[in-house]
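Chemist: please work out how this folds:
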Amino acid sequence: MGSVKYGKDFWSLLERVDTAMEKPCFSGSWIDKEAPGLTARDSRENRFLRTELYSSSGQQGRLYRIVPYEYTMGADEVGTVRELMKMLQDSRPPQNILDDERRLRSFTEGASKKNMLNGSLPGDPAVMSRISGQYSTGYGVLEHLLRDERVQDIYVDSPPDLSPVYVSLGGMMDPELEGSYPTNVFLTAQELERIVSILRYHSDRPFSEASPSLECDLELYNARATVVGPPLSPSGTSLAIRKHSHDPWTLPALVRCRSITAEAAAFMDIAMDGRCTMLVAGSRGAGKTSILGALLFEVDRSQRIIILEDTPELPTAQLRENGYKVLPLLFGESRGSTPEKALRTALRLGESVIVMGEVRGPEARILYEAMSAGTAGSSVMGTFHADSAASVFKRVVEDLGVSPGSFMSTDLVIVAGLVQPQGRKVKVRKVVQISEVVKAGRPGTFRDLFLYDAGKDALEPTPELSSSSTVKRIASMWGWKEKDVLDEMHLRSSVMGRALELRGDGPQSPDMAYRISESFDRVRDLALKGGFLKDHDRFIKRWEKEFSGRGR
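Modeler: Next up is the predicted model:
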């Protein structure tokens, strides 16, 4: 079944289906019911599912194992699901419900629960109705993976019945458990075709040999699906699903999971207050969008944020919920707008923080023209596919045609990477570089302010930080000396570290990040009047009293 666990022999597959695989009659996915001879490093269970994570050593011996309730049901409950699915086929919903993924799912589950309550079918109505919706108009067993907040990517390679579904996990307290896992789930070709049909229907986009690729949103799960088929994929249809984060990242949350140090986070916070132009670079899956989203929660709430994206990934809704003024502009073929048109529209909307979800085409020239002319608003932020600050310059200038002089409008480049600290086999997401553009030097010259030290597994400040032109510019803007800005950075770093101690393992939500910052600003005003701004111990004690007094 897949070279990682089951070998390549097709006949051994058939043997395992007879001895170790199971599926209820209404499902098109097999589950390997055998558990490895190891102790699960993480186990979770609710009335719908049991999930276990196995990892014997680094990336070796890994398995993401699920035991869905529907795969353990007796004949009576299986009969209930079959009867409910038959009833759903006989009660076709109106077209306006069929065309809306969320409303359709609500209809199918509601109709199933009503049929159960009106009859004498065995089983828990909430469980039976969800299962019937999951395997009729939904994505079957994949929905269990989609509901797991740790799952960031789902991969179904072709041919699906010979390879396990893979997942990648992230955002976990134990970074050793992050990364790629084979699952004990195998989709049949028929089940994959059923899922692709649902995607094709809801997206209203073609998928055939003439159009062998399909990209669409899974609105119900805040995710993006990519399907590839023949002749582009000669071995058959493959599916990849990328989930967007439901719980947005904040700078304190990034510090807590050790993606960045408190000192570097404090510097980024000051750079936001100093309205710097920042680009976040990195490879796919390195955490660019998470970092950019975290930075948005450091924007002053008096400023308006205009977010331009083709696929909604940045935390627009959460920003609004927390009192930020946000205007999202979506572009793309289905929306009748190009990124260039969307950007020109944004620039005509007045003073704003301009955020490009991903800069990758002709819109880069428009963006840099606006930055050079000072018409881009307070500051500009965006992400790039590149693995270093120097690579960002090369992409912007050589690939996208922006003049070297215009690139000098960039202040900082933040690089995210997948690293293997101290030779470990598990790759973890880290900020690996924060560099500033040297304005007076040869175009494409950078000064590294923070660099990742693999031995210390930390983003360390460099000696160049003390002579940073960014620090100097912010100091001039605020009427400070450069050492005052650096002292402020150390103070913010200490406060953030203390806040994480007070919170323990509690969530570092956007509201919490805001309250950390808000209480800091109040105490700083008091410290300026009371003359104890330089007394960090006294400041932190006063801040802790202010922060704790407002509740945790």
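Chemist: part of a helix, is Thr108?
Modeler: Yes - remark: Thr108 belongs to a helix, assigned using DSSP: H, G, I helix; E, B strand; the rest coil.
Chemist: check contacts around the closest residue to it other than its chain neighbours.
Modeler: Once flanking residues are discounted, Thr108 sits nearest to Gly133: 4.0 Å by Cβ to Cβ, 6 or more residues apart in numbering. The way it works is simple: take the backbone N, C-alpha and C, and place the C-beta from them, glycine included. By Cβ atoms under 8 Å, 6 or more residues apart in numbering, Gly133 lies in contact with Arg105, Thr108, Glu109, Ser112.
Chemist: by neighbours, which of those residues wins?
Modeler: Ser112 (27 neighbours; other Cβ atoms under 10 Å).
Chemist: what pLDDT does the model give it?
Modeler: We have a pLDDT of 89 for Ser112.
Chemist: if I look at the residue nearest to Thr108, how far off is Ser208?
Modeler: Going from Gly133 to Ser208 by Cβ to Cβ, to the nearest Å gives 28 Å.
Chemist: next SSE after the least confident helix or strand in the chain by mean pLDDT?
Modeler: Lowest mean confidence among the helices and strands of the chain (mean pLDDT, DSSP states H and E): helix 10-19, at a mean of 50. For helix 10-19, the succeeding helix or strand toward the C-terminus, using DSSP states H and E, is strand 21-22.
Chemist: what's the spacing between that following strand and its chain's center?
Modeler: 33 Å (Cα atoms, centre = their mean, to the nearest Å).
Chemist: can you work out which other helices and strands pack against the one helix or strand Val471 maps to?
Modeler: Using DSSP H and E, Val471 sits within helix 469-478. Where contact means 3 or more Cβ pairs under 8 Å, 6 or more residues apart in numbering; DSSP states H and E, helix 469-478 is packed against helix 262-273, helix 482-503.
Chemist: what's the spacing between it and its chain's center?
Modeler: 32 Å.
Chemist: re earlier: so of the helices and strands packed on helix 469-478, which one's packed in deepest?
Modeler: helix 262-273 (a mean of 23; mean count of other Cβ atoms under 10 Å).
Chemist: ok, and what's touching that helix?
Modeler: Against helix 262-273 from outside (Cβ under 8 Å, 6+ apart): 251-252, 254-255, 260, 278, 295, 298-300, 379, 411-412, 414, 431, 434, 449-450, 459, 461, 465, 470, 474, 485, 488-494, 496-497, 500, 517.
Chemist: which helices and strands sit right next to the helix or strand just after that helix?
Modeler: Downstream of helix 262-273, the next assigned helix or strand under DSSP H and E is strand 278-282. Other helices and strands packing on strand 278-282, by 3+ Cβ pairs under 8 Å, 6+ apart, are helix 288-296, strand 380-385, helix 389-394, strand 412-419.
Chemist: tell me if I'm right that Glu219 and Arg103 touch.
Modeler: No - with contact defined as Cβ atoms under 8 Å, Glu219 does not count as touching Arg103 (10.4 Å).
Chemist: report back the residue of this structure that's furthest from centre.
Modeler: Ser120 (43.6 Å; Cα atoms, centre = their mean).
Chemist: name the helix or strand for it, please.
Modeler: Applying DSSP H and E, one finds Ser120 in no helix or strand.
Chemist: poorly predicted segments of the protein, please.
Modeler: Along the chain, the model assigns pLDDT under 70 to residues 1-19, 56-60, 246, 333-334, 373-377, 422-426, 504-508, 550-552.
Chemist: wait, what's in contact with the closest residue to Ser409 other than its chain neighbours?
Modeler: Spatial nearest neighbour of Ser409, excluding adjacent residues (Cβ to Cβ, 6+ apart): Met371 at 3.8 Å. Met371 makes contact with Thr277, Val380, Ser406, Ser409, Thr410, according to Cβ under 8 Å, 6+ apart.
Chemist: same check on Arg429?
Modeler: Gly170, Glu178, Ser259, Gly285, Ala286, Gly287, Ser290, Ala416, Gly417, Leu418.
Chemist: confirm it sits in a strand?
Modeler: Yes - per three-state DSSP, Arg429 lies within a strand segment.
Chemist: any idea how far it lies from Ala262?
Modeler: For Arg429 relative to Ala262 (Cβ to Cβ), the value is 17 Å.
Chemist: which stretches of the stretch 51-200 of the chain form strands?
Modeler: 63-68, 151-156, 166-169, 179-182, 185-187 (DSSP state E, counting those that start in this stretch).
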